[in-house]
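*Asks:* pasting the sequence and the predicted coordinates here, then a few questions.
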Amino acid sequence: MKKEQKIHKKITIKQIINENYKTKTFFFNEDIDIKPGQFIMLWLPCVDEKPFTLSYKKPSGVTVELKGKFTKELFKLKQGDNLFYRGPFGNGFTKTKKNAIVVAGGMGLAGVSLLIKSLKNLKVIFGTKQKKDLFFTNRFDMEICTDDGSIGYKGFATDKLRELLKKEKYDIIYTCGPETMMKKVFDIAEKYNIPCEASLERFMFCGIGVCGSCVCGNKLVCRDGPVFSSDDLREMNDFGRYARLKNGRKASLQEYHKWRS
Ligand SMILES: Cc1cc2nc3c(=O)[nH]c(=O)nc-3n(C[C@H](O)[C@H](O)[C@H](O)COP(=O)(O)OP(=O)(O)OC[C@H]3O[C@@H](n4cnc5c(N)ncnc54)[C@H](O)[C@@H]3O)c2cc1C
Ligand code: FES
């Protein structure tokens with residue numbers, strides 16, 4: 001690891017945009033050199049430090065969903081306020097010129113935004129529970145799916161994926177979102193024999209492969225990921241099944257998501 005990745009750098013909030021009732025984008029005064037799929041650790045002194053992907057590169061920005069302690073404090077910040085970051089960390093997505101399909105669920109769209117911007121031949125599926133959870137609808141051309149049918153296709157993003165794969169040939173599938181969705185995307189990719197890359201989320205403390213809190217099967221998500229290929233995912237027994245709670249206890253994905261929400 002480069003020495004500068006361990007050091008916190010100060011950044012200033014240049015602009016804040018409300019994306020929906022629970023999501024904001026924070027633009028910074030500095031452009032961070034990052035690859036699509038990599039992440040940074042944002043630090044609010046006396047609060048906490050948490051992982052986020054950049055949703056914008058130039059000017060750099062993060063799109064954040066209000067969750068708990070850290071994001072509540074972040075949401076209180078105003079234009080001109082300072083915070084700190086370390087990174088970028090992780091591997092990022094593989095770039096392709098081939099026909100790609102990106103499947104994003106909920107906040108996962110923030111995690112694939114730089115990837116979408118970098119690809120030429122692509123189709124994007126964006127699934128949320130309901131219309132009010134959507135964001136970036138004016139930024140990207142997307143197949144919108146909602147669980148309750150309040151807008152777009154009524155059904156899961158994975159149903160839409162199956163539909164599109166029956167009509168057209170795709171060379172790679174990228175996915176980011178709830179892990180139950182990503183596991184389904186991976187299973188569909190396996191069935192159609194299409195390579196898949198998934199950006200995984202686990203509870204992170206150090207972000208640099210030291211504490212072990214982000215373990216998933218035989219991998220550390222911060223150090224070996226967060227993006228994993230089909231070859232990796234096949235070997236990772238915990239993928240789509242288990243994750244660790246904040247106290248380190250291994251739990252089913254259902255329990256983990258219940259505890260997170
Ligand atoms: C590589 C990576 C990239 C991410 N990128 C984004 C992004 O672009 N935008 C965004 O909104 N969020 C992103 N996240 C998730 C984000 O880090 C968490 O939502 C955030 O840490 C919540 O912190 P909090 O203190 O507000 O909530 P907390 O009070 O810590 O959390 C609320 C609930 O979520 C659990 N939780 C907290 N952090 C995590 C985590 N990392 N994994 C699993 N459970 C957790 C808590 O235990 C609790 O139950 C990313 C996570 C990872 C690992
Ligand atoms: S967050 Fe510490 S090892 Fe990954």
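*Replies:* Arrived safely, thanks for sending. Just so it is clear, the structure is predicted and the values come from calculations on it, not from any experiment. Ligands and ions are numbered 1, 2, ... in the order given.
*Asks:* tally of neighbours for residue 77?
*Replies:* Number of residues near residue 77 (other CB atoms under 10 Å) recorded here: 15. The C-beta positions use only the backbone N, C-alpha and C, and glycine is treated the same way.
*Asks:* beta-bridge partners for the residue nearest to it when sequence neighbours are not counted, please?
*Replies:* Nearest residue to residue 77 in three dimensions, chain neighbours excluded: residue 13, at 5.8 Å (CB to CB, 6 or more residues apart in numbering). Assessed by DSSP bridges, residue 13 has beta-bridge partners residue 28.
*Asks:* thought residue 13 was touching residue 84?
*Replies:* No. Between residue 13 and residue 84 no contact is recorded; they are 12.0 Å apart, counting by CB atoms under 8 Å.
*Asks:* circling back: any idea how far the residue nearest to residue 77 is from residue 246?
*Replies:* Using CB to CB, to the nearest Å, residue 13 is found at 27 Å from residue 246.
*Asks:* before we move on, what about residue 144?
*Replies:* Distance, residue 144 to residue 246, using CB to CB: 33 Å.
*Asks:* which one's more surrounded, these two?
*Replies:* Using other CB under 10 Å as the criterion, residue 144 and residue 246 rank with residue 144 on top: 17 against 10.
*Asks:* local confidence estimate at the more buried one?
*Replies:* pLDDT, residue 144: 97.
*Asks:* so it, which state does it fall into?
*Replies:* Under DSSP: H, G, I helix; E, B strand; the rest coil, residue 144 falls in the strand class.
*Asks:* now residue 114: which helix or strand?
*Replies:* Assigned by DSSP states H and E, residue 114 falls within helix 108-118.
*Asks:* sort out which residues of that helix are buried, please.
*Replies:* By neighbour count on 16 or more other CB atoms under 10 Å, the buried set for helix 108-118 is 108, 109, 110, 111, 112, 113, 114, 115, 116.
*Asks:* residues contacting stretch 190-197, please?
*Replies:* Stretch 190-197 is touched from outside by 37, 93-94, 165, 170-175, 185-186, 189, 227-230, 233, with contacts defined as CB atoms under 8 Å, 6 or more residues apart in numbering.
*Asks:* hmm, it touching ligand 1?
*Replies:* No. On the criterion CB under 6 Å from any ligand atom, stretch 190-197 is out of touch with ligand 1, staying 13.9 Å away.
*Asks:* quick one: that stretch to chain centroid distance?
*Replies:* Remark: stretch 190-197 is offset 20 Å from the chain centroid, using CA atoms, centre = their mean, to the nearest Å.
*Asks:* what average pLDDT does it get?
*Replies:* pLDDT averaged over stretch 190-197 gives 97.
*Asks:* and residue 212, what does it touch?
*Replies:* The contact partners of residue 212, taken as CB under 8 Å, 6+ apart, are residue 220.
*Asks:* re the thing from before, now, among the buried residues of helix 108-118, which is nearest to ligand 2?
*Replies:* Comparing these against ligand 2 with CB to the nearest ligand atom places residue 111 closest, at 16.6 Å.
*Asks:* what's the closest non-adjacent residue to the closest one?
*Replies:* residue 176 (3.9 Å).
*Asks:* phi, psi of the closest residue to ligand 1 within the stretch 1-150 of the chain?
*Replies:* In the stretch 1-150 of the chain, the residue that lies nearest ligand 1 is residue 68 (1.9 Å; CB to the nearest ligand atom). Residue 68 adopts backbone torsions of phi -140, psi -140, taken as degrees, to the nearest 10.
*Asks:* report whether the following helix or strand past the helix holding residue 114 contacts ligand 1.
*Replies:* Using DSSP H and E, the helix or strand that follows helix 108-118 in sequence is strand 122-128. No. Residues of strand 122-128 contacting ligand 1 under CB under 6 Å from any ligand atom: none, with a closest distance of 13.6 Å.
*Asks:* can you list the buried residues of helix 108-118 in TSV and add distance to residue 77?
*Replies:* Putting the buried residues of helix 108-118 into TSV (distance: CB to CB, whole Å) gives the following:
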residue	distance to residue 77
108	24
109	22
110	18
111	22
112	25
113	21
114	23
115	27
116	27
